[in-house]
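Peer 1: Take this sequence and fold it.
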Amino acid sequence: MRTTFTRRGTSLKASFEAHVWRHTPTHRRAAHRSMAAPKNSAHSSAESLVSLIHDTPTQLVAHVTGGGASAIAAMLAVPGASRTVVEANVPYAQTCGWDTIGRSTDGYLDSASVHQKPDGFSFASPDAAIAFAIAAYRRCVAVSSPGTPCAGVAAACALASNRTLKGGTRVHIAYANDTHIALTSASLAMPDEDSGVSVRSEHEASAASMVLHAAAEACGISRTDAEALHVPPTNVQDLKRFELGVGGGADVNDMALRLHLACDDGVDGNESRATFERAIAMVHGTAAASRLLCGRCAYFPPTGAPALPFGALPQPSRRLIAPGSFNPPHRGHVAMMRAASDVFGVAYPDGVVAELSVANADKGVLPADEVASRVASYRAASSSLPLPGLAITQFALFSEKARLFPGSSFVVGYDTAVRIMDKKYTDGDLDKLVDSLVEMVRLGVRIGVAGRADKDGSYKTLEDAFAERGAGISPTLLERVFVSVPNERVDVSSTELRAKENNCTQLR
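Peer 2: Residues are numbered from 1 along each chain as shown. Next comes the predicted model:
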């Protein structure tokens, strides 16, 4: 069973209120809400906290399973929910849980080795809470307006039930936002038999309260202000909190050090340490690339500044994307990008973005250290070559890149153009290939193709690519998608440069 609520878009009113919020001191925000909250009322205090959440500029997606779902109702019941809640999802069945988290090879759980655990993976675990939070954040980034602060909030619980629970009741609440991943884990005490309160309803209320507090923190509200409005549940036991900062330009070693300090702070942090170490692996080697952890694209400016979410960049009237392995970057890349920028009328290098995908349709996913190495190599080369900024993405197929960069022009080499027209990548289905090309036209995508010198001295052009792979595809459609780029014939390849580097290494 899956329950989903979805909303898209940001109003001008919400944008104005977000501006006002940014210029309102935190203590005044809390004071304003606390004056409106009747004393000794759990419902009213929760409403006050939710109102404060709605007043922030942050938008969020929530994935909640096993308990805490009434927090979604609480957020939607307070005016202003449309400013905050983008989507709320309750994936109760395991199949829905896997579908929400995703089984892709770049996913958090794939590096977690969860299937090797003796008892199998649990959807009421720290792993599940963080995976749901990451998935929620990714979803929020995907559907929110550029520049909007995003957050993913999640709960993975096992509450009192009519069946015996392995490991007892437990609550794991996590959130991921633009700067942090945080996890709160706890168990819940049983209510007094004379209280007349249902065990399940009390545990649900406690879990929902913890979800609201996590949402508040994810939206930038301090724990002190949140607790002043809405007192945390009192039946929480064995509370543990862990937080990992993923921004600020720190490197992985610094993040790992802070993580170990947190885990060694008087609690048994073995499981949580392993959980966060796997989250660090998702950062792909550098903290600067940490936006890739939860978003779809991280952008490294050519100035050497820390990475940014690509969606936060201003949208130019024209943009040229240059996919490649850049292993290493060289003057041939520059020549091809310059030639394509002339064809498409794009300013170089300001209107150009180089793109490195961590996934390859033929070779699988690059190791984290390899991605970090290529980013470092690219940025180092920028000191001697006029290279544009570099985007790191997770998409191997061109149909996916087109959806990520709609309205953009692309430039590729001859071999890549041949692969784009190869039905091998659409499961051998020519109709699917044609559909993907039609979608590119609909998305306003054009692909410039630079030629390649062949081993026999001949020069391969776009017309040769059409002859090699264009059979069965309408010539008109091919011409709508592809355009020839007159390259400057800088016949140097990354493969050759790597071979020369290896030879030099062997001579040392």
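Peer 1: going forward, measure contacts and count neighbours with C-alpha atoms only.
Peer 2: Will do.
Peer 1: Distance check, the nearest residue to Gln94 once chain neighbours are set aside against Ile173.
Peer 2: Excluding its sequence neighbours, the residue lying closest to Gln94 (C-alpha to C-alpha, 6 or more residues apart in numbering) is Phe123, at 7.7 Å. Phe123 sits 12 Å away from Ile173, going by C-alpha to C-alpha, to the nearest Å.
Peer 1: which residues do these two both contact?
Peer 2: Common contacts of Phe123 and Ile173, defined by C-alpha atoms under 8 Å, 6 or more residues apart in numbering, comprise 129, 156.
Peer 1: ok, these two, which is more surrounded?
Peer 2: Ranked by neighbour count (other C-alpha atoms under 10 Å), Phe123 and Ile173 place Ile173 first, with 33 against 23.
Peer 1: Leu433 contacts Asp427, correct?
Peer 2: No: using C-alpha atoms under 8 Å, Leu433 is not in contact with Asp427, being 9.0 Å away.
Peer 1: Neighbour count: the two, which is higher?
Peer 2: The residue with more neighbours, out of Leu433 and Asp427, is Leu433; 21 against 10, by other C-alpha under 10 Å.
Peer 1: Can you tell me the SS state at that one?
Peer 2: Secondary structure, DSSP: H, G, I helix; E, B strand; the rest coil: Leu433 is helix.
Peer 1: List the contacts of it.
Peer 2: 421-423, 425-426.
Peer 1: Which of these sits closest to Ala160?
Peer 2: Closest approach between the contacts of Leu433 and Ala160, by C-alpha to C-alpha: Thr426, at 46.8 Å.
Peer 1: ok, that closest one - contacts?
Peer 2: Thr426 is in contact with 432-433, counting by C-alpha under 8 Å, 6+ apart.
Peer 1: Swap in 10 Å and give it another go.
Peer 2: Each residue near Thr426 by C-alpha atoms under 10 Å, 6 or more residues apart in numbering is listed here: 397, 420, 432-436.
Peer 1: do Ile173 as well
Peer 2: Ile173 sits next to 64, 68, 124-126, 128-130, 132-133, 153-157, 182-186, 207-208, 210-215, 241 when contact means C-alpha under 10 Å, 6+ apart.
Peer 1: Taking the contacts of Thr426, please make a ChimeraX selection of just the buried ones.
Peer 2: If you want just the buried ones from the contacts of Thr426 in ChimeraX, going by 16 or more other C-alpha atoms under 10 Å, the selection is:
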select :397,420,433,434,436
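Peer 1: Thr95: neighbouring residues, count only.
Peer 2: Neighbour count of Thr95, defined by other C-alpha under 10 Å: 11.
Peer 1: is it true that it lies in a helix?
Peer 2: Yes: under three-state DSSP, Thr95 falls within a helix.
Peer 1: Okay, it and Ala471: tell me how far apart.
Peer 2: Computed as C-alpha to C-alpha, the Thr95 to Ala471 distance reads 40 Å.
Peer 1: Does Gly152 fall in a helix, a strand, or a coil region?
Peer 2: Three-state call for Gly152 (three-state DSSP): strand.
Peer 1: Not counting sequence-adjacent ones, nearest residue to it?
Peer 2: Closest residue to Gly152 apart from its sequence neighbours, by C-alpha to C-alpha, 6+ apart: Tyr137 at 3.9 Å.
Peer 1: Looking at the contacts of Ile173, which are in helices?
Peer 2: 126, 128-130, 132-133, 207-208, 210-215 (DSSP state H).
Peer 1: Which stretches in the stretch 301-450 of the chain count as strands?
Peer 2: Secondary structure of the stretch 301-450 of the chain (DSSP state E, counting those that start in this stretch): strands located at 308-309, 320-323, 352-357, 359-360, 364-365, 389-393, 409-413, 446-450.
Peer 1: Serialize those strands to CSV and add fields for distance to Asn235 and mean neighbour count.
Peer 2: Shown next, in CSV, are the strands of the stretch 301-450 of the chain (distance: least, C-alpha to C-alpha, whole Å; neighbours: other C-alpha atoms under 10 Å):
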stretch, distance to Asn235, mean neighbour count
strand 308-309, 39, 22
strand 320-323, 53, 26
strand 352-357, 47, 24
strand 359-360, 45, 16
strand 364-365, 44, 14
strand 389-393, 43, 23
strand 409-413, 57, 25
strand 446-450, 59, 26
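Peer 1: want to try JSON lines for these, with distance to Leu60 as columns?
Peer 2: Shown next, in JSON lines, are these (distance: least, C-alpha to C-alpha, whole Å):
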{"stretch": "strand 308-309", "distance to Leu60": "16"}
{"stretch": "strand 320-323", "distance to Leu60": "29"}
{"stretch": "strand 352-357", "distance to Leu60": "26"}
{"stretch": "strand 359-360", "distance to Leu60": "27"}
{"stretch": "strand 364-365", "distance to Leu60": "29"}
{"stretch": "strand 389-393", "distance to Leu60": "22"}
{"stretch": "strand 409-413", "distance to Leu60": "31"}
{"stretch": "strand 446-450", "distance to Leu60": "33"}
